[in-house]
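Chemist: fold the following for me, if possible:
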Amino acid sequence: MMAWALDFAIACVALALALPGWRLLAGPEATDRVLALDTLYVNTVALVILLGIRLSSDLLFEAALVIAMLGFIATVALARFVARGDVIE
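Modeler: Residues are numbered from 1 along each chain as shown. Prediction:
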């Protein structure tokens, strides 16, 4: 039962990755694309964690942590770039 539930959750998160991916490509403004990237990295972290549970791999949990940290830094940098036009003062 647990394997079926994990497979279903992985499929749902994969679908959740497709929708912001479309917004990233079709977004009319830069803010839409920044929010799509933010959503993509959060969904990617969820997918990697679910795969780590499914495959019983500790390495995937560490990879999820690295993705989360890099995603946060990228979101802050992109938000500063969109708001002010530069990242570093």
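Chemist: could you find the closest non-adjacent residue to the most centrally placed residue in the chain?
Modeler: The centroid of the chain falls nearest to Tyr41 when counting by CA atoms, centre = their mean (1.4 Å). Among residues not flanking Tyr41 along the chain, Gly71 sits closest, at 3.1 Å (CB to CB, 6 or more residues apart in numbering). Heads up, the C-betas are built off the backbone N, CA and C, glycines and all.
Chemist: surely that neighbour meets Asn43?
Modeler: No - at 10.2 Å, Gly71 and Asn43 do not qualify as touching, with contact defined as CB atoms under 8 Å.
Chemist: and the helix or strand containing Ala9, what other elements does it pack with?
Modeler: In the assignment (DSSP states H and E), Ala9 maps to helix 2-26. On a contact count with 3 or more CB pairs under 8 Å, 6 or more residues apart in numbering; DSSP states H and E, helix 2-26 meets helix 30-55.
Chemist: let's test this: mean pLDDT of the helix or strand just after the helix it packs on, rounded?
Modeler: Counting by DSSP H and E, the element after helix 30-55 in chain order, helix or strand, is helix 58-84. The pLDDT scores in helix 58-84 average 90.
Chemist: and helix 58-84 with helix 30-55, angle?
Modeler: Angle of helix 58-84 versus helix 30-55, following axes from the mean of the first three to the mean of the last three CA atoms, to 10 degrees, is 170 degrees.
Chemist: gap between helix 58-84 and the chain center?
Modeler: Chain-centre distance of helix 58-84: 9 Å, with CA atoms, centre = their mean, to the nearest Å.
Chemist: measure Ile73 to Phe61 for me?
Modeler: Remark: distance between Ile73 and Phe61 (CB to CB, to the nearest Å) = 19 Å.
Chemist: these two - which one has more neighbours?
Modeler: For the pair Ile73 and Phe61, the greater number of neighbours falls to Phe61 (13 against 10), based on other CB atoms under 10 Å.
Chemist: Gly71 and Asn43: which is more packed in?
Modeler: Here Gly71 and Asn43 are compared on neighbour count by other CB under 10 Å; more neighbours surround Asn43, at 20 against 17.
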